[in-house]
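*Asks:* need the 3D shape of this:
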Amino acid sequence: DLTVDGCIVKAPCGGEAAGRSPVDRGKQGTKRSLMVEGQGLPIGFVIAGANRPDSPLLEETLEQVARFGFDLPNEITVHLDAGYDSKKTRDLLDTLGCDCIISKKGEPLQAGKRWMVERTNSWHNRGFRKLQICTEKRIRVIDAFIRLANSVIITRQLIHRAWTTHRWDTRPTRKP
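*Replies:* Below is the predicted model:
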């Protein structure tokens, strides 16, 4: 399972990745298109201006899996919100050989497995002030901050998983 969603943040200083935000009265903003695996670990992202729609960023976001040195697995399901509900998106996912679960436009919220990407976006915004209000102008710097945040999130999650699934003789009785 992969889940992809976009997140718009303020970019008051403008810069290479800034654009007019449709949700903040036209002020400058940046969009992160984030892809997470089934447990919520971030595995890829794309940075763009806030005025870019979600669906054109989907292909570039899914291509981030290639940096691990392999293609998408044969049986993969991509979970998307209503912002991706279009024939173009469905055709792209068919071309890539992916199954998809896309929320329908105009229907009540269908969260499903998409809450994982929402949680990870929240971790980015609440845990890392530099990502909540993007004051950097260069994409390389924003990219570095997101990669650092992803490293911290992945490390925390792996420690949490190990703590809850593994036992050993010298393990403390409670978390440090």
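*Asks:* ok, which stretches of the protein are strands?
*Replies:* With DSSP state E as the criterion, the chain has strands at 2-10, 19-20, 28-37, 42-49, 77-80, 99-102.
*Asks:* redo those as a markdown table? Include mean neighbour count and distance to Thr135.
*Replies:* No exception for glycine: its C-beta is placed from N, CA and C like everyone else's. Output for the strands of the chain, formatted as a markdown table (neighbours: other C-beta atoms under 10 Å; distance: least, C-beta to C-beta, whole Å):
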| stretch | mean neighbour count | distance to Thr135 |
| --- | --- | --- |
| strand 2-10 | 22 | 9 |
| strand 19-20 | 16 | 16 |
| strand 28-37 | 23 | 10 |
| strand 42-49 | 21 | 14 |
| strand 77-80 | 22 | 30 |
| strand 99-102 | 16 | 34 |
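*Asks:* and those: which comes nearest Val65?
*Replies:* Among those, the nearest to Val65 by C-beta to C-beta is strand 42-49 (6.3 Å).
*Asks:* and that closest one, how far from the chain's centre?
*Replies:* Its chain's average C-alpha position is 6 Å from that of strand 42-49, according to C-alpha atoms, centre = their mean, to the nearest Å.
*Asks:* report the buried residues of the lowest-mean-pLDDT helix or strand in the chain.
*Replies:* Least confident helix or strand, the chain: helix 129-132 with a mean of 86, by mean pLDDT, DSSP states H and E. Using 16 or more other C-beta atoms under 10 Å as the test for burial, helix 129-132 gives 130-131.
*Asks:* what's the first-to-last distance across stretch 76-92?
*Replies:* End-to-end distance for stretch 76-92: 14 Å, by C-alpha to C-alpha, to the nearest Å.
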